[in-house]
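[1] Sequence plus predicted model, see below.
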Amino acid sequence: MEVGDLLHFENARSAESHRVREGRFGPHVKRRSCRAIWISDLHLGTPRCKAAVLLDFLQHHEAETLFLLGDIVDGVNWGASWHWDAMQAAVVTELQAWGRRGTHVVYMPGNHDIDMELAERLLGIPSGPIETTHRTLDGRRMLVTHGHLLDPAVACARWWQNGSTYAMVMRISQWYTKDWEERAERRSISAFFRYRLKRAVEYMIDFDDRAVFEAVHERGLDGMICGHVHRAEQKLIGPFWYINDGDWVGNCTALVEGWDGALQLIRWKQQMLGLANQSLEKAAAEVA
């Protein structure tokens, strides 16, 4: 059986919706109902957070369970470089509204959620466990965790907790991604250099397959859902599923479970939104 038979990575607007209904933000905002949703690496408190796109994603979805899978509030960035704007405040307000509507919101800390008192005060949502198990509707038992404890750079070398080091690596990664999207070159020396640099950055923020295999095998589960590396991905590691929900800094991706038990990675792009940018800004200003 091919991996794609069970899990698809596609743009959210082209994906089939299930139980879509009108939301509570007016007759033109319809919500896609899901059994569970995983989002991670929001990095609220930094200018890198794509808060406007995330707000629209949240306003177009609902779920029985919402997993905030780590690096939600970037405590590493606390201090002179702290960034908090009306759009990020609107995201927090929307997350709180999910809880009031009956969604079970599970906040699982990541390596950047280092000040949980700050995070809980900003979000109004208590933190949960480092890991948990989720059983999909079709019976798959998945380890759910941020993923940083499987990253040797975090677990063994505390230098990665340094905010300036992380910011440098992320700036390199964002520069590469932006430049690659804007340029059509594929075979030039410059393209080769950028590819090698991308691979070096991924090595610094990745963990190997053995750690995933061992973590899942030791717990007797069927796979793992995580974040941390800012790269949405799904693959089989031996007999085990590895699914990464990506991030809301550069990729704007999430993992959703439909009411048929199927898991689906989706990418939410701002140019695909049903609301204009000014409408989003107005919504943010109203809750600021």
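    Now that the structure is in, tell me what you want to look at. Residues are numbered from 1 along each chain as shown.
[2] what's stretch 60-67 in contact with?
    23, 29-40, 95, 98, 101, 103-106, 108, 134, 144, 225, 256, 274 (CB atoms under 8 Å, 6 or more residues apart in numbering). Where C-beta positions appear, they are placed from N, C-alpha and C, glycine not excepted.
[3] ok, now stretch 95-102?
    Arg24, Leu58, Glu62, Ala63, Leu66, Leu68, Val105, Leu123, Gly124, Ile125.
[4] Which members of those occur in helices, if any?
    Within those, residues falling in helices by DSSP state H are Leu58, Leu123.
[5] re the thing from before, what subset of the contacts of stretch 60-67 is buried?
    Those of the contacts of stretch 60-67 that meet the buried threshold are 23, 30-40, 95, 98, 103, 105-106, 108, 134, 144, 225, 256, by 16 or more other CB atoms under 10 Å.
[6] any idea which of the contacts of stretch 95-102 has the most stuff around it?
    Leu68 (27 neighbours; other CB atoms under 10 Å).
[7] Now for that residue: which residues touch it?
    Ile39, Ser40, Leu42, Leu95, Val105, Val106, Tyr107, Met108, Ile125.
[8] Among those, which one lies nearest to Gly220?
    Closest approach between those and Gly220, by CB to CB: Met108, at 20.4 Å.
[9] give me the number of residues near the nearest residue to His228 once chain neighbours are set aside?
    The shortest distance from His228 to any non-neighbouring residue, by CB to CB, 6 or more residues apart in numbering, is to Gly147 (3.6 Å). Neighbourhood size, Gly147 [other CB under 10 Å]: 31.
[10] May I see the buried residues of stretch 84-95?
    For stretch 84-95, by 16+ other CB under 10 Å, it's Trp84, Met87, Gln88, Ala89, Ala90, Val91, Val92, Thr93, Glu94, Leu95.
[11] What average pLDDT does stretch 109-118 get?
    Average pLDDT, stretch 109-118: 82.
[12] which secondary structure elements does the helix or strand encompassing Arg35 contact?
    Here Arg35 sits within strand 30-39, counting by DSSP states H and E. Counting contacts by 3 or more CB pairs under 8 Å, 6 or more residues apart in numbering; DSSP states H and E, strand 30-39 is packed against strand 20-22, helix 51-59, strand 61-68, strand 253-257.
[13] so can I have a markdown table of those showing distance to Ala119 and mean pLDDT?
    Compiled in a markdown table, those are given as follows (distance: least, CB to CB, whole Å; pLDDT from 0 to 100):
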| stretch | distance to Ala119 | mean pLDDT |
| --- | --- | --- |
| strand 20-22 | 31 | 43 |
| helix 51-59 | 16 | 96 |
| strand 61-68 | 10 | 97 |
| strand 253-257 | 20 | 98 |
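[14] Name the stretch among these that sits most buried.
    Among the helices and strands packed on strand 30-39, ranked by average contacts under mean count of other CB atoms under 10 Å, first place goes to strand 253-257 (a mean of 26).
[15] buried ones in the helix or strand hosting Leu236?
    Taking DSSP H and E as the definition, Leu236 sits inside strand 233-237. Buried residues in strand 233-237, defined by neighbour count with 16+ other CB under 10 Å: Gln234, Ile237.
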